[in-house]
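Asks: Fold the stuff below for me.
(2 chains)
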Amino acid sequence: MDMKRLAIGTVVGGATLFVVGYLIFDLATADFYVANLIADTGAYRDPSLQWAFVLGDLASGALVTLGITSRPGTPTIGSGLLTGAVIGFLLWLHADLTLYGLTNVWNITTPMIDPLFEAIHHGTAGAVIAAVLARVPRAATA
Amino acid sequence: MDIKRIVIGTIVGAVTMHIVGYVVFEILTAEFYAANSMSGLYRDASLQWAIALGEFSLTALITLGIESRSSTPSIAGGFITGAVIGLLLWIGVDFVLYGIWNAQNLTLTMVDPLLGAIQYGIVGAAIAAVLARVPKSAMA
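Replies: Residues are numbered from 1 along each chain as shown, chains lettered A, B, ... in the order given. A predicted model of the protein is given here:
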């Protein structure tokens, strides 16, 4: 495993996830998530903790980078977008359905729609990671 | 991509994940989760259909991860692949959720990904053990 490429992809992916996540979830779709809460759980923070988002986005960036670098050949923007979208969709479909099954926070609309937003979110990150990694030479020992 | 192997791995993984998840989270660590979560948040009876559907989704991802490796799957390789996916996945999900809501404290947020790594590692090992015995199709 080429640790330099993994580190670069993780940082680039984490930064992209943070920025695109803000655009999608804090600006474009915030009303949707509020509308599909089950009222009065008092579960949501105000304000949210940005440091926790950064840490979570770095982990997701590492996962998408591992997915991209595990494929043969030089990464392309199209393959990176597809890999990121598949990982984001499957990951959050699992997490959303598990949380829906365990908690009273969301109605059923959220676990059906949120994975689609996450596919866009992680697909964008995958495309950016692939665009950057295509320009980073592989280590001789990788 | 060999669809038959993906389907077999996904089903084997989901069954394993459901059993291991029940043992780890509903028997061994239920009190830990209750002690570190907001009261009134959890359903009295969890929705097993939703959890099972989510497990199929994730085990498809683990199977894709195992199948993306060039060599024949091994139990150790499957365990590592599953554990890495589980650890990164739940660090990503748990910390994003911790940033959004009050439902879980920081202790649970840090411990849950480690338990997830164990659970998904076992799932990855089971998927790899089965897929090592399934011949690859000539088209794959």
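Asks: Can you pull the phi/psi pair for residue 127?
Replies: Looking at chain A here, since you left the chain open. The phi and psi values for A:Ala127, taken as degrees, to the nearest 10, are phi -60, psi -40.
Asks: and it, how many neighbours does it have?
Replies: For A:Ala127, the tally of surrounding residues (other CB atoms under 10 Å in any protein chain shown) stands at 23. All C-beta atoms are positioned from the backbone trio N, CA, C, and that covers glycine.
Asks: Surely it touches A:Thr83?
Replies: No - under the criterion of CB atoms under 8 Å, A:Ala127 makes no contact with A:Thr83, lying 9.3 Å away.
Asks: pLDDT weak spots in chain B?
Replies: Filtered on pLDDT under 70, chain B yields the residue ranges B:138-140.
Asks: Repeat the analysis, applying 90 as the threshold.
Replies: Low-confidence segments of chain B (pLDDT under 90): B:1-2, B:22, B:25-26, B:30-31, B:33-46, B:68-73, B:100-104, B:134-140.
Asks: Which parts of chain B are helices?
Replies: For chain B, the helices defined by DSSP state H cover B:3-21, B:30-35, B:48-67, B:75-100, B:106-131.
Asks: Please tabulate the ones you listed in TSV and include mean neighbour count and distance to chain A as additional columns.
Replies: Putting the helices of chain B into TSV (neighbours: other CB atoms under 10 Å in any protein chain shown; distance: least, CB to the nearest CB, whole Å) gives the following:
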stretch	mean neighbour count	distance to chain A
helix B:3-21	19	9
helix B:30-35	12	9
helix B:48-67	22	3
helix B:75-100	23	3
helix B:106-131	21	8
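Asks: Quick check: closest non-adjacent residue to A:Thr69.
Replies: In space, and not counting its chain neighbours, A:Thr69 is closest to A:Arg5: 6.0 Å by CB to CB, 6 or more residues apart in numbering or on different chains.
Asks: What is the neighbour count of the one you found?
Replies: 21.
Asks: coming back round to it: so for A:His121, which of the helices of chain B sits nearest?
Replies: Ranking those by proximity to A:His121 (CB to CB) places helix B:75-100 first, at 10.7 Å.
Asks: can you give me how far stretch A:12-25 is from the chain middle?
Replies: The chain centre lies 8 Å from the centre of stretch A:12-25; the measure is CA atoms, centre = their mean, to the nearest Å.
Asks: Just the residues contacting that stretch, thanks.
Replies: By CB atoms under 8 Å, 6 or more residues apart in numbering or on different chains, the surrounding residues in contact with stretch A:12-25 are A:33, A:53-54, A:57-58, A:60-62, A:64-65, A:84, A:117, A:120-122, A:124-126, A:128-129, A:132.
Asks: Can I get the helix or strand of chain A at the bottom of the mean pLDDT ranking in CSV, CA atoms only?
Replies: Scoring the helices and strands of chain A by mean pLDDT, DSSP states H and E places helix A:30-35 at the bottom, with a mean of 85. Presented in CSV, the C-alpha positions along helix A:30-35 are these (Å, rounded to 0.1, in the frame of the first residue of the first chain):
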residue,chain,number,x,y,z
ALA,A,30,-31.3,21.7,5.8
ASP,A,31,-35.1,22.3,5.7
PHE,A,32,-35.7,18.7,4.4
TYR,A,33,-33.9,17.2,7.4
VAL,A,34,-35.7,19.4,9.9
ALA,A,35,-39.1,18.6,8.3
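Asks: which parts of that helix are buried?
Replies: A:Tyr33 (16 or more other CB atoms under 10 Å in any protein chain shown).
Asks: quick check, that helix touching chain B?
Replies: No - for helix A:30-35, no contact with chain B is found by CB under 8 Å from any CB of the partner chain; the gap never falls below 9.0 Å.
Asks: In space, not sequence, find me the middle residue of chain B.
Replies: Geometric centre of chain B, nearest residue: B:Tyr120, 3.9 Å, by CA atoms, centre = their mean.
Asks: check contacts around the nearest residue to it once chain neighbours are set aside.
Replies: Among residues not flanking B:Tyr120 along the chain, B:Gly86 sits closest, at 2.8 Å (CB to CB, 6+ apart). By CB under 8 Å, 6+ apart, the contact list for B:Gly86 reads B:113, B:116-121, B:123.
Asks: cutoff 10 Å now
Replies: Shown in contact with B:Gly86 (CB atoms under 10 Å, 6 or more residues apart in numbering or on different chains): B:17, B:58, B:62, B:113-124.
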